[in-house]
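>>> build me a model:
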Amino acid sequence: MVKRCLQTWASALALVLFTGTALAQSGAEGALWENRHVTKHVKSYEGTKTCLECHDQEAADVFKSVHYQWKAAAPNISNANGRQIGKINATNDFCTNPSVSWIGIVTNDEGKVIGNGCAKCHVGLGKKPTQEMTQAQLENIDCLVCHANNYRREVVKKADGSLTWQPNALGNPAQMLSIAQNVGKPSNEVCMRCHVGSGGGLNFKRGDIETVHANADRTFDVHMGSNMQCIQCHKFKDHKVLGGGTQMGGKDSGEARPQCEGCHKGKVHSKPEYDKHASRVYCTTCHISSFARHDRTDMRRDWSHAEEVVGEGRFEPKIEFAKDVTPVYAWWNGTGKIAHLEEPVQTGANGKVSLYTPNGSRQDSKARIYAFKYHTARLPIEKATNLMVPVQVGPVFKTGKIEVGVKGGAKAWLGRDVGEIAWIETERYMGIFHEVEPKDKALVCKDCHEGGKRLDWKALGYARDPAIGKKIAKQ
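Purely as a prediction, here's the structure:
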């Protein structure tokens, strides 16, 4: 939404941080550029209407993006069957489905706000996205969420009783104007606000995007510890982002997702056998030995049971956490299968319903061995139909009564009451791509071969360790 001006400022933005005053880079020939939002364009802030005066095309691009629609065409999901898929119409093993818990002001008995709904990480102001692009939908886009580091917002109730996200600084016109004037390309900080906190807590969901990334050093993450920005790999074009690994929704961009080889080309290892491995073993498999090395991560979530969060005046489902987790490994060719919310569940041979299964095998020439976070959960289904039922999380946070959240979720999603509820075990593979360590911390041959326990060769389709030809003993 600020693309036109950013193109003018591209080189300067790499060197200078916006402040609350008109900025200039000085050199031998004096000031080279100025912040035109301050000096020319933004004289008052009236919400998204102000941005639309210059950035109507950018707003239209955002409207069509996965950050706004929360769904997209899904060539990366082999059982999509032509459907657009995303978190808005799918289920997950953390907060189930955001559509049934969209926006709210949930308070505990002391009046403290303990939940605002999943729209907290939507780039809108509170309305759900629609297929039709209207002026109201364009004005619902909150440009500052991604483009202003010092922007914060809260849920408020409007005069008509509806809820909306509102800037915290709205009551201070001078501060609000300064925020609106001093915008820039999305920084790591604004990306992390949602991507670190997704799933209900800091590092709960991904496991490899942690709070320490805000000020990481190279020993923790060689990329972000070298001041790389998220958007250097996850590039944007027309507000569609390049990226996404084992995602349960469609792709925002039709281009291939970022690959390590995009920067690390050719023969990059000192040992030829390592380069040979790279054709069947993805880079992060060897270069991320563990994840959640600073913040614990959610490894299992049981929605059949709620527990009080001590000192916070709220409840949450039973969660099992872990730190410094060793990934699991599987073949992946870039596509996967999901469990659809509108279809009866199907249980696998292991007794679990797979919410995301990576496609690939040893025989698949397009597949490589990848590192994954393996997450399990216990989720509700309607016993009569075997349909998964989303949980309305607000009532659970407030009361600890799971049945209230399940009934509310069923009513919101299915439009009807449900009968008897049963519980299923689920599994999900989540790709690990961040927290690449320095090369001296990478795995070595004996971690996987010659008795190394890192890889389960039988699970990967081998009768024996391929490095030594020794047949694997029966377990």
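>>> which element follows the strand ranked longest in the chain toward the C-terminus?
Scanning the chain for the strand with the most residues, using DSSP state E, yields strand 368-382. Counting by DSSP states H and E, the next helix or strand C-terminal to strand 368-382 is strand 387-388.
>>> parallel or antiparallel, list what pairs with that next one.
Strand 387-388 has the following strand partners under DSSP bridges: strand 368-382 (antiparallel).
>>> what's the burial count for the closest residue to residue 308 other than its chain neighbours?
Using CB to CB, 6 or more residues apart in numbering and skipping residues adjacent in sequence, the residue nearest residue 308 is residue 315, 5.5 Å away. The C-beta positions use only the backbone N, C-alpha and C, and glycine is treated the same way. Applying other CB atoms under 10 Å, we find 20 residues neighbouring residue 315.
>>> show me the contacts for residue 328.
By CB atoms under 8 Å, 6 or more residues apart in numbering, the residues touching residue 328 are 371-374, 429.
>>> circling back: might one say that the residue nearest to residue 308 is in contact with residue 394?
No - the criterion here is CB atoms under 8 Å, and residue 315 misses it with residue 394 at 10.9 Å.
>>> can you pull out the helices in the stretch 1-150 of the chain?
3-13, 36, 48-52, 56-63, 66-69, 135-140, 144-147 (DSSP state H, counting those that start in this stretch).
>>> next one: the stretch 201-350 of the chain
Counting by DSSP H, counting those that start in this stretch, the helices of the stretch 201-350 of the chain are 230-233, 272-277, 283-287.
>>> quick one: contacts for residue 45?
Residue 45 neighbours (CB under 8 Å, 6+ apart): 173, 176-177, 179-180.
>>> any idea how many residues pack against the closest residue to it other than its chain neighbours?
The spatially closest residue to residue 45, leaving aside those adjacent along the chain, is residue 180, at 4.1 Å (CB to CB, 6+ apart). Counted by other CB under 10 Å, the residues lying close to residue 180 total 26.
>>> okay, the longest strand of the chain in CSV with CA atoms only?
What follows is strand 368-382, C-alpha atoms only, in CSV (Å, rounded to 0.1, in the frame of the first residue of the first chain):
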residue,chain,number,x,y,z
ARG,A,368,14.0,-34.7,-0.4
ILE,A,369,14.3,-35.5,3.3
TYR,A,370,13.1,-32.6,5.3
ALA,A,371,13.0,-31.7,9.0
PHE,A,372,9.6,-31.4,10.7
LYS,A,373,7.9,-30.5,13.9
TYR,A,374,5.5,-33.4,14.6
HIS,A,375,2.5,-32.0,16.4
THR,A,376,-0.4,-34.1,17.8
ALA,A,377,-3.7,-33.1,19.2
ARG,A,378,-7.1,-34.3,20.5
LEU,A,379,-10.0,-32.7,18.6
PRO,A,380,-13.8,-33.0,18.7
ILE,A,381,-16.0,-34.5,16.0
GLU,A,382,-19.7,-35.0,15.7
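>>> 20 is where my numbering starts, stick with that
OK, 20 is where the count begins now, so the last one is strand 387-401.
>>> buried residues, that strand. List them.
387-392, 394-401 (16 or more other CB atoms under 10 Å).
>>> hmm, back to that, okay, the residue nearest to residue 327: pLDDT?
Per-residue pLDDT puts residue 334 at 97.
>>> over to residue 382?
97.
>>> thought it was touching residue 480?
Yes - contact criterion CB under 8 Å: residue 382 and residue 480 qualify, at 7.5 Å.
>>> so for the two, which residue has more residues nearby?
Comparing residue 382 with residue 480 by other CB under 10 Å, the one with more neighbours is residue 480, at 11 against 8.
>>> just to revisit the earlier point, list only buried entries from the contacts of residue 64.
195-196, 198-199.
>>> report the two of those separated the most.
196 and 198 (7.3 Å; CB to CB).
>>> what about the closest residue to residue 104 other than its chain neighbours, distance to residue 469?
Distances taken as CB to CB, 6+ apart place residue 93 nearest to residue 104, at 4.4 Å, with adjacent residues excluded. From residue 93 across to residue 469, the span is 41 Å (CB to CB, to the nearest Å).
>>> more neighbours: the two, which one.
Neighbour totals were compared for residue 93 and residue 469, and residue 93 leads with 23 against 11 (other CB under 10 Å).
>>> my read: the more buried one touches residue 271, true?
No - counting by CB under 8 Å, residue 93 does not reach residue 271; the two are 10.8 Å apart.
>>> list the contacts for the residue lying closest to residue 300 once chain neighbours are set aside?
Leaving aside its sequence neighbours, residue 300 sits nearest to residue 388 (CB to CB, 6+ apart; 4.8 Å). Listed by CB under 8 Å, 6+ apart, the contact set of residue 388 reads 299-301, 304, 348-351, 474, 479.
>>> could you turn the buried ones of those into a PyMOL selection?
Buried residues among the contacts of residue 388 (16+ other CB under 10 Å), as a PyMOL selection:
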select buried, resi 300+301+304+348+349+350+351+474
